[in-house]
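> Pasted the sequence and its predicted model underneath.
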Amino acid sequence: MNQVTLLQSKILSFSGLITQTEQWRNNQEKIVFTNGCFDLLHLGHVDYLAKARDLGDRLVIGLNTDRSVQNIKGPSRPVKDELSRAHILAAMGFVDAVVLFDEETPMRLITLVNPDVLVKGGDYAIKDIVGHESVQKNGGNVCTIPFVEGYSSTRIIDKINQG
């Protein structure tokens, strides 16, 4: 498989994700799920995603669509469009699947994936993570990963705007 085909094969629809996660489960592989905007990828994101992948055999990323990023971050975001963000994430060797979601929360996606591990950043309390009850009810784990200090997309955007 050439690299472009490999890259594109990681960006899945909801139905494609269901098929893929069934295959991974049949192979007894542990599925980790996280989600976010991942607008301007930086060291903090890379560190977070690598650590998330270390918690299992497969890493699935729920990626907010452009519309949902605007609803969360405001009309000037995202800086990069959803296609660009999806391809950049899929290019990471430790990312196994990227799925765009347009809803306010990734709850429907989490229910479809039914991950063994649900991960969010260290600014979340477990009880505040969308999907934590569903994952725990199904025997999965929910955890947080601390941020790398000094890295955020907002900080990068502010620095650019200051010239």
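Nice, thanks for sending it over. Numbers count the residues shown, from 1 in each chain.
> Kindly confirm my reading that Val32 is in a strand.
Yes. Under DSSP: H, G, I helix; E, B strand; the rest coil, Val32 sits within a strand.
> That one against Pro115, yeah?
Yes. Between Val32 and Pro115 there is a contact under Cβ atoms under 8 Å: 6.1 Å. All C-beta spots, glycine's among them, are computed from the backbone N, C-alpha and C.
> Mind listing the shared neighbours of the two?
Contact criterion Cβ atoms under 8 Å, 6 or more residues apart in numbering; residues shared by Val32 and Pro115: Val60.
> where along this structure do the strands fall?
Taking DSSP state E, the strands of the chain run over residues 31-36, 58-64, 97-101, 117-121, 141-145.
> so what does the longest helix along the chain touch, helix or strand wise?
In the chain, with assignment by DSSP state H, the single longest helix is helix 14-26. Here helix 14-26 touches strand 31-36, strand 58-64, strand 97-101, helix 107-113, going by 3 or more Cβ pairs under 8 Å, 6 or more residues apart in numbering; DSSP states H and E.
> Make CSV from the ones you listed and add distance to Ser153 to it.
Below are the helices and strands packed on helix 14-26 laid out as CSV (distance: least, Cβ to Cβ, whole Å):
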stretch, distance to Ser153
strand 31-36, 10
strand 58-64, 12
strand 97-101, 17
helix 107-113, 21
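> Can you give the contact residues for the longest helix of the chain?
Residues from elsewhere that reach helix 14-26 (Cβ under 8 Å, 6+ apart): 12, 31, 57-58, 60, 97, 99, 109, 112-114.
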